[in-house]
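Engineer: sequence first, then the predicted structure:
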Amino acid sequence: MENFSKKLISFALVALVSSGVSIGAYSFLNRSKSISDNAIEEAGNKYAKPVAFTPVSNRPAVENDFTKAAAKSVNAVVSIKSTTSAKQQQQQGMMQDPFFEFFFGQRGGGNMKPQPRVGMGSGVILTPDGYIVTNNHVIEGADILEVTLNDKKSYNAKIIGTDPSTDLALIKIEAKDLPTLSFGDSDKLQVGEWVLAVGNPFQLYSTVTAGIVSAKARSLGMINTGKAMGIESFIQTDAAVNPGNSGGALVNTDGELVGINTAIYSETGAYSGYSFAIPTSIVSKVITDLKQFGSVQRAVLGVIIREINADLAKEKDIQIQDGIYIEEVSDRSSAMEAGIKKGDIIIAINDVPVKTVAALQEQVNRYRPGDKIKVTIQRGKDTKTLPVTLKNNQGNTEITKTKGIDSLGAAFKELKDKTKQELNISSGVQVTGLKAGKFQRAGIRDGFIILSINGVNIKSVDTIESIFNDIMKGNSRDKVMFITGIYPNGKTGYYAVDLSE
């Protein structure tokens, strides 16, 4: 626990105070595009115009560059207020979470009644009709999300999808004609280039800070901790970022979005030198998938890898220093089918050099299962380029959509007052039209009246759907509905419905 706490303090997430690779060919519609339901999908087909770099002597004054970029950005960056009920905290174990204690203060002792938790973060408007990207840790576990625009208008938001593996989330508000940020090409960023961080630190709205790109494809081991397939390839900057900035925009001097601010390197929990942002090469792919499919379509090579360092090079008699060493190749994986072998060294993906694990992850996760890529390897003294058809972690090339409440295999109807009186209950929803599905496999029969799910009283069909969606969008691998209810004859029933099947 002591080591865990030290690691937590060294690599503090900026806006866990709030509440808690991917594709280079995807981007969003520019502001001039018309509103459409397919805005995100259409925008994923191309990047915005790459940033043009000119000699310093030919650039406009720095102040002018910053002013123009800030003017384009501040109205498209929102404040996000997340409220988590005390009951929700207890169900999710937040009150025993050292992350939570560090960022929210010490827990109350003894018999103190848990209070709702309120946190603040930031988000970036992507489409005029209200799609907003933020960090997963900003909205994780929240019962209520309130989005405040730069003009102080407030809206309730709903979660469209989350991806804990990259710490990204897509939410939506019901609004029109909103200001947006165009996507820039994070691949074109150069170390030493000026960038701006735009967000709402310490509830100070529309705050803009400046810095330079200090490094790219940086991995800190934060998202990877406890997360399956955690993906980190951060843009490191020295722009000042503090609690509340999480989910805000990192923009270039043209005012284009190049990253989502996520973390700081700090021993105090406040800014002390370096901040980290998720590049748009990851962001665009993740949010496009969340909008289109409800979950991220993640492709994998199927290899266990290590970065090459002096010790590994000596141990394996490796003559090159740049590349990723393959320790194992999984059976029936994309890599095995392509002819990649243990001991090979991956040096490029689609002709893009990869020198670190983070860089390799970023390149591979730009693609979906079924996509074809070129993997360049070093095998002994020979260099080979192999065609690879990517698969998902189930070993196939299928694209999957998140299934809705229909997967339960039942219809529902709300009870009449007379039925409630006869059964001496105050609320409940009756199962009807049972067919093949999760309810039937759990043993539930037609006519069963659901009284509670996971400790929540069921008063309407909407309540069931809300609980179902929360479970499916959560981070836990144990996706289960614990259902209590009665049959019309008065017999009590208890069922556990496995939603992960």
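Structural biologist: Sure, I can see it.
Engineer: from now on I want contacts and neighbour counts done on CA atoms only, so please keep to that.
Structural biologist: Noted.
Engineer: return the list of strands paired to the helix or strand encompassing Gly121, each annotated with direction.
Structural biologist: In the assignment (DSSP states H and E), Gly121 maps to strand 117-125. As defined by DSSP bridges, the strand partners of strand 117-125 come to strand 77-84 (antiparallel), strand 131-135 (antiparallel).
Engineer: closest one to Ile483 among those strands?
Structural biologist: Judged by Cα to Cα, the one of these that comes nearest to Ile483 is strand 77-84, at 22.7 Å.
Engineer: care to break the chain down by domain?
Structural biologist: With domains defined by automatic domain parsing, the chain comprises 2-293, 303-389, 405-498.
Engineer: can you put those in a markdown table and add mean neighbour count?
Structural biologist: Shown next, in a markdown table, are the domains of the chain (neighbours: other Cα atoms under 10 Å):
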| stretch | mean neighbour count |
| --- | --- |
| domain 2-293 | 20 |
| domain 303-389 | 18 |
| domain 405-498 | 16 |
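Engineer: among those, which is nearest Glu398?
Structural biologist: Each of those has some distance to Glu398 by Cα to Cα; the shortest is domain 303-389, at 6.5 Å.
Engineer: that closest one spans what distance, first to last residue?
Structural biologist: Here the two ends of domain 303-389 are set 14 Å apart, with distance taken as Cα to Cα, to the nearest Å.
Engineer: do the same with stretch 312-327
Structural biologist: Stretch 312-327 end-to-end distance (Cα to Cα) = 11 Å.
Engineer: among the domains of the chain, where is the model least confident on average?
Structural biologist: With a mean of 73, domain 2-293 has the lowest mean pLDDT of the domains of the chain.
Engineer: from the centroid of the chain, which residue is nearest?
Structural biologist: Leu168 (2.2 Å; Cα atoms, centre = their mean).
Engineer: and it, how far from Asn261?
Structural biologist: 11 Å.
Engineer: again with Ile425
Structural biologist: 49 Å.
Engineer: got it, and Lys479?
Structural biologist: Look at Lys479 and Asn261: by Cα to Cα, they are 30 Å apart.
Engineer: check Arg379 too.
Structural biologist: 39 Å.
Engineer: ditto for Ser73
Structural biologist: From Ser73 across to Asn261, the span is 14 Å (Cα to Cα).
Engineer: can you give me phi and psi for the closest residue to Ile235 other than its chain neighbours?
Structural biologist: In this structure, Ile235 finds its nearest non-sequential neighbour in Lys216, 4.7 Å apart by Cα to Cα, 6 or more residues apart in numbering. The phi and psi torsions at Lys216 (degrees, to the nearest 10) take the values phi -130, psi 160.
Engineer: show me what contacts Lys216?
Structural biologist: Taking Cα atoms under 8 Å, 6 or more residues apart in numbering, we find Lys216 in contact with 191, 233-236.
Engineer: name the nearest of those residues relative to Ile347.
Structural biologist: Ser233 (17.0 Å).
Engineer: that closest one contacts Ser186, doesn't it?
Structural biologist: No: with contact defined as Cα atoms under 8 Å, Ser233 does not count as touching Ser186 (11.3 Å).
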